[in-house]
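# What follows is a protein structure lacking sequence information:
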């Protein structure tokens, strides 16, 4: 554990499963924890952190060994516990607490949106065969059990990035998932170092990056969540191109989100967001000028 010598206590502790930083004041105790088992090292939190308090680095590997996921580290001297990193994490790997209670200051104040995780389960389409489905979720977020004579599926929705692998394994229509992030991923195999498959090794969804018989890496974007772990792990910067086109989220009016979007997504995504925002303001302005008798109708 590392402890500062200032009146405000800044603490950091870490083990194989968790990394925790704290800021202890007279009346408040802030705690930010990273679940290493859920973290993929994608670096999204690094890109949006306004205080540059987070770093992500490629994990060194030995010859003839598989690449390990990138390492994320928090600087307890820089973190302001705003909660932006927690809000943007597609894998739900971060938890912020204030006085031992779960908190999210930026979303509570409507200055940052929440990610939309849409998972619909049609329980009537589940049958006994579903009990035999193993590894339905590559992130181990799904539990299939029998309760009250019925097959029940439970999902850890707060950690689901929407890879949609479960849709292919369960009966047709039993589960429907919308991706949190949509985009595009391209591998330029001619630029890849010979024999390098680091991107494949670190990808949290095994069904996304596949090594063909000729040794080239192929992309199955059906299940890609566009987290960026592959981009961080890639030793050749130009060998991989990742572009985030849309991020599904709740409504938000603050410019904080636009600034964050500029860092993590494409220009097209930012433009679309701004047009959407402008369109809503225009609609509200028009409605506010309408006479009462017209407002009786829904718009």
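That came in fine, so what should we check first? Computed from a predicted model, the values in this text were never measured in an experiment.
# for the stretch 1-150 of the chain, what spans make up the strands?
2-3, 9-14, 18-24, 29-35, 54-57, 71-74, 94-98, 101-102, 119-121, 142-147, 150-155 (DSSP state E, counting those that start in this stretch).
# export those strands to CSV and tack on mean pLDDT?
Putting these into CSV (pLDDT from 0 to 100) gives the following:
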stretch, mean pLDDT
strand 2-3, 54
strand 9-14, 96
strand 18-24, 97
strand 29-35, 98
strand 54-57, 96
strand 71-74, 96
strand 94-98, 98
strand 101-102, 97
strand 119-121, 95
strand 142-147, 92
strand 150-155, 93
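# Of those strands, which is nearest residue 44?
strand 54-57 (9.2 Å; Cβ to Cβ). For every residue, glycine as well, the C-beta is placed using N, CA and C.
# from the chain's centre, how far out does the closest one sit?
Using Cα atoms, centre = their mean, to the nearest Å, the mean C-alpha position of strand 54-57 is found 16 Å from that of the whole chain.
# go on, stretch 170-187?
How far stretch 170-187 lies from its chain's middle: 14 Å, per Cα atoms, centre = their mean.
# Report the buried residues of it.
170, 174-175, 177, 179-183, 185, 187 (16 or more other Cβ atoms under 10 Å).
# Where do the helices of the stretch 101-250 of the chain begin and end?
105-108, 165-169, 198-202, 229-233 (DSSP state H, counting those that start in this stretch).
# Show residues contacting the last one.
Residues external to helix 229-233 that are found in contact with it (Cβ atoms under 8 Å, 6 or more residues apart in numbering): 40-43, 56, 58-59, 67, 69-70, 185, 198-199, 201-204, 209, 240, 242.
# So residue 82 is in contact with residue 105, correct?
Yes. Counting by Cβ atoms under 8 Å, residue 105 is a contact partner of residue 82 at 5.8 Å.
# With neighbour numbers in mind, choose between the two.
Legend: neighbour count by other Cβ atoms under 10 Å for residue 82 and residue 105, higher for residue 82 (22 against 18).
# tell me the contacts of that one?
50-51, 105-106.
# Nearest the middle, which residue of this protein would you pick?
Centroid check for the chain by Cα atoms, centre = their mean gives residue 90 as the closest residue, at 1.4 Å.
# So for that residue, what's the nearest residue that isn't a sequence neighbour?
residue 161 (4.0 Å; Cβ to Cβ, 6 or more residues apart in numbering).
# Also residue 31?
Closest residue to residue 31 apart from its sequence neighbours, by Cβ to Cβ, 6+ apart: residue 97 at 4.5 Å.
# for that neighbour, what are its contacts?
Contacts of residue 97 by Cβ under 8 Å, 6+ apart are 29-33, 103.
# Looking at those residues, which one is closest to residue 146?
Out of the contacts of residue 97, the member with the shortest distance to residue 146 (by Cβ to Cβ) is residue 33, at 33.7 Å.
# residue contacts, that closest one?
With Cβ under 8 Å, 6+ apart, residue 33 has these contacts: 18-20, 94-95, 97.
# Now restrict those to buried residues only.
19-20, 94-95, 97.
# farthest pair in the residues you listed?
Counting by Cβ to Cβ, the most remote pair of these is 19 and 97, 14.2 Å apart.
# Look up how far residue 164 lies from residue 266.
Going from residue 266 to residue 164 by Cβ to Cβ, to the nearest Å gives 21 Å.
# and these two? which has more neighbours close in?
Each of residue 266 and residue 164 has its neighbours counted (other Cβ under 10 Å); residue 164 has more, 20 against 17.
# so who does the more buried one touch?
177, 179, 222-223.
# Need the per-residue pLDDT for the nearest residue to residue 29 once chain neighbours are set aside.
Nearest residue to residue 29, sequence neighbours excluded (Cβ to Cβ, 6+ apart): residue 99, at 5.5 Å. Per-residue confidence for residue 99 comes out at a pLDDT of 97.
# correct me, but residue 99 touches residue 25?
No. Between residue 99 and residue 25 there is no contact under Cβ under 8 Å: 10.1 Å.
# for the residue nearest to residue 219 when sequence neighbours are not counted, what are its contacts?
Of all residues beyond its chain neighbours, the one nearest residue 219 is residue 185 (5.3 Å), with distances taken as Cβ to Cβ, 6+ apart. Residue 185 is in contact with 208, 219, 221, 224, 226, 230, 240-243, counting by Cβ under 8 Å, 6+ apart.
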